[in-house]
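A.B. asks: Quick one: sequence plus predicted model below, questions after.
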Amino acid sequence: MNALDTQFHQLHHDGLLILTNVADATGARLVEQSGGKAVATSSAAVAWAHGYPDGNTLPLERLVSTVTSIARVIKLPLSVDIEAGYSDDLERVAQVVDAVIAAGAVGINIEDGSGAPELLARKIETARRVADRRDVKLFINARTDVYLRGLVPAEDRVAETLRRAKLYQAAGTDGLFAAGVTSAYEIEAICKGTALPVNVLAFPGLPSPEELRSLGVRRLSAGSGIAEFLYGAMGSLVKSFLASGQLDTRDLKAFTYGDVNGLLK
């Protein structure tokens with residue numbers, strides 16, 4: 001694992017790391033087979049796959065089972081989205097971090113949400129202590145929801161994001177996830193205002209990967225977008241099949257059993 005943790009850190013300093021977030025082991029194998037440099041989970045997609053809504057509701061044993069199954073079938077660095085640590089109790093957060101590291105993760109996402117940034121700073125410190133005990137160079141990616149949740153007036157978003165970046169960096173984070181920012185001007189200001197590698201989320205209106213790279217972005221995440229599309233496609237097929245008794249895939253191309261089964265051999 002130590003080689004993978006060092007590799008994952010280095011990927012944040014070699015141009016733009018593109019992460020196509022997945023929900024399960026088969027999705028992870030697809031990423032690896034398609035040339036992905038690392039695998040990341042989507043907390044929403046993992047929760048949905050187990051029948052839970054996104055929002056710190058997924059039982060830890062379900063999360064660990066998913067991480068274990070992904071780590072078993074890939075040889076790439078694995079980063080796991082643990083939402084807000086599934087608790088505000090630091091001992092519980094420590095248990096979550098320890099469990100996902102033991103299952104094979106070399107990176108985590110952890111978010112502030114609408115909570116106090118000082119609380120996330122304490123969670124980051126907790127995660128760092130757990131990783132040090134495990135002798136893993138865990139890449140901690142601190143997600144701030146300043147943009148996603150509209151936590152401050154628009155004119156204050158950059159300044160507030162950078163204020164939180166400074167706090168989280170002091171606590172031991174390795175990266176800043178400014179989820180929801182799409183303006184090139186604001187992205188550049190955030191990248192220039194922190195020494196942390198900056199992660200952005202794939203949103204409508206986001207600059208191209210080439211422009212993001214020139215603005216200073218080091219990581220681009222799909223988030224739950226892929227899962228949203230897949231469930232939408234599934235919903236359309238279900239409705240069509242119920243109405244007609246036929247699988248009207250139109251321009252959609254299904255995998256065969258052999259395609260999917262072959263990924264896992």
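C.D. replies: Sure, I can see it. Numbers count the residues shown, from 1 in each chain.
A.B. asks: hang on, Val67 packs against Ala103?
C.D. replies: Yes - taking CB atoms under 8 Å as the definition, Val67 is a contact partner of Ala103 at 3.9 Å. C-betas here are computed from N, CA, C, even on glycine.
A.B. asks: quick one: which of the two has more around it?
C.D. replies: Val67 (23 against 19; other CB atoms under 10 Å).
A.B. asks: With Ser224 as the reference, measure out to that one.
C.D. replies: According to CB to CB, to the nearest Å, Val67 stands 17 Å off from Ser224.
A.B. asks: Do a quick rundown of the helices in the stretch 151-265 of the chain.
C.D. replies: For the stretch 151-265 of the chain, applying DSSP state H, counting those that start in this stretch gives helices covering 157-171, 184-193, 209-215, 225-244, 257-263.
A.B. asks: winner for burial among those helices?
C.D. replies: The highest average neighbour count among the helices of the stretch 151-265 of the chain, using mean count of other CB atoms under 10 Å, belongs to helix 157-171 at a mean of 19.
A.B. asks: Return the list of helices and strands in contact with it.
C.D. replies: helix 117-134, strand 139-144, strand 175-178, helix 184-193 (3 or more CB pairs under 8 Å, 6 or more residues apart in numbering; DSSP states H and E).
A.B. asks: mind putting these in JSON lines, mean pLDDT and distance to Thr161 included?
C.D. replies: Below are the helices and strands packed on helix 157-171 laid out as JSON lines (pLDDT from 0 to 100; distance: least, CB to CB, whole Å):
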{"stretch": "helix 117-134", "mean pLDDT": "98", "distance to Thr161": "10"}
{"stretch": "strand 139-144", "mean pLDDT": "98", "distance to Thr161": "6"}
{"stretch": "strand 175-178", "mean pLDDT": "98", "distance to Thr161": "5"}
{"stretch": "helix 184-193", "mean pLDDT": "98", "distance to Thr161": "6"}
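A.B. asks: Make CSV from the ones you listed and add distance to Thr20 to it.
C.D. replies: As requested, the helices and strands packed on helix 157-171 are arranged in CSV below (distance: least, CB to CB, whole Å):
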stretch, distance to Thr20
helix 117-134, 24
strand 139-144, 16
strand 175-178, 16
helix 184-193, 20
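A.B. asks: The ones you listed: which one's closest to Ala3?
C.D. replies: With CB to CB as the criterion, Ala3 lies closest to strand 139-144 of the helices and strands packed on helix 157-171, at 13.7 Å.
A.B. asks: which residues touch the closest one?
C.D. replies: For strand 139-144, contacts defined as CB atoms under 8 Å, 6 or more residues apart in numbering pick out 5, 8-9, 12, 79, 106-112, 117, 120, 124, 127-128, 131, 161, 164-165, 168, 172-179, 199, 219.
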